[in-house]
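Visitor: Pasting the sequence and the predicted coordinates here, then a few questions.
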Amino acid sequence: AQSVTQLGSHVSVSEGALVLLRCNYSSSVPPYLFWYVQYPNQGLQLLLKYTSAATLVKGINGFEAEFKKSETSFHLTKPSAHMSDAAEYFCAVRRRGSYIPTFGRGTSLIVHP
Amino acid sequence: DSGVTQTPKHLITATGQRVTLRCSPRSGDLSVYWYQQSLDQGLQFLIQYYNGEERAKGNILERFSAQQFPDLHSELNLSSLELGDSALYFCASSLAGTSVDEQFFGPGTRLTVL
């Protein structure tokens, strides 16, 4: 069975600082990997996805993530945090050939002025 | 605005009751997904439909059922409601329903069971 672990339920950064949100997956073969953002009182929005092309994936709003098979990780980064980045972030995994996603528990990003 | 609409926005009901949540996908999308988000369980995939047919089933209770109609809108029926069913229920849609399709999420229906 596949699983997703997001380290840290809350991450706090200063505006302008590096954002690093961690995601590790457990899967027998490299799966498809996704990062979503959820703003208060809204649904999820796809930030980026890895589907076995380039291991460094660029997404919207300046976010990117790198797939590292040896570390079974797919960490999300952004060089400089903005106040508008404050939200809940979810990592998700989907086994190849499966339609069923598994989501991490989410990480709340807090951005201080 | 994702283009996915869900009604109602809020729903308050009592234990033992039955409710219906509605979802209209984005124009042109053939696949609809239902998710449950709660503090206890996090975000859980419930079920997926593609062009009217069930495609995948996740952690959906037997008290819950869903369907997708010919006009592609979908309904999630929750019956014999329990306190633990209180959650945010999201609908999402995608074009072809493949495992790499981008899913577009609606704003959710907040269900409160008293």
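Guide: Thanks, I have it.

Visitor: Now do the SS call for residue A:57.
Guide: For residue A:57, the secondary structure call by DSSP: H, G, I helix; E, B strand; the rest coil comes out as strand.

Visitor: Can you tell me the element residue A:89 falls in?
Guide: Assigned by DSSP states H and E, residue A:89 belongs to strand A:87-94.

Visitor: So that strand, near chain B or not?
Guide: Yes: Strand A:87-94 lies within reach of chain B by CB under 8 Å from any CB of the partner chain, at A:90, A:94. In short, each C-beta sits where N, CA and C put it, glycine included.

Visitor: Residue 107: what's it in contact with?
Guide: Let's take chain A. Taking CB atoms under 8 Å, 6 or more residues apart in numbering or on different chains as the criterion, residue A:107 is in contact with A:6, A:7, A:8, A:9, A:10, A:11, A:21, A:22, A:88, A:89, A:90.

Visitor: that's the other chain; I wanted chain B
Guide: Contacts here follow CB under 8 Å, 6+ apart; on that basis residue B:107 touches A:41, A:42, A:43, B:2, B:4, B:6, B:9.

Visitor: before we move on, the earlier item: what's the strand holding residue A:89 packed up against?
Guide: Packing partners of strand A:87-94 (3 or more CB pairs under 8 Å, 6 or more residues apart in numbering or on different chains; DSSP states H and E): strand A:3-5, strand A:32-38, strand A:73-78, strand A:101-103, strand A:107-112.

Visitor: For stretch B:7-17, buried residues please.
Guide: Neighbour counts over stretch B:7-17 (16 or more other CB atoms under 10 Å in any protein chain shown) mark B:11, B:13 as buried.

Visitor: end to end, how far does it reach?
Guide: Using CA to CA, to the nearest Å, the end-to-end distance of stretch B:7-17 comes out at 18 Å.

Visitor: residue closest to the middle of chain A?
Guide: Among the residues of chain A, the one closest to the centroid is residue A:35, at 3.7 Å (CA atoms, centre = their mean).

Visitor: wait, isn't residue B:2 in contact with residue B:102?
Guide: No: Residue B:2 lies out of contact with residue B:102 (CB atoms under 8 Å); the separation is 10.3 Å.

Visitor: okay, these two: which has more neighbours?
Guide: Neighbour count, other CB atoms under 10 Å in any protein chain shown: between residue B:2 and residue B:102, residue B:2 has more, with 17 against 12.

Visitor: what's the neighbour count on the residue nearest to the more buried one when sequence neighbours are not counted?
Guide: In space, residue B:2 comes closest to residue B:104 once its chain neighbours are excluded; the distance is 4.2 Å by CB to CB, 6 or more residues apart in numbering or on different chains. When neighbours are counted by other CB under 10 Å, residue B:104 registers 22.

Visitor: which residues touch residue B:104?
Guide: For residue B:104, the contact set (CB under 8 Å, 6+ apart) comprises B:2, B:3, B:4, B:26, B:29, B:92, B:93, B:94.

Visitor: Just the buried ones from the residues you listed?
Guide: Among the contacts of residue B:104, those scoring as buried are B:2, B:4, B:26, B:29, B:92, B:93, B:94 (criterion: 16+ other CB under 10 Å).
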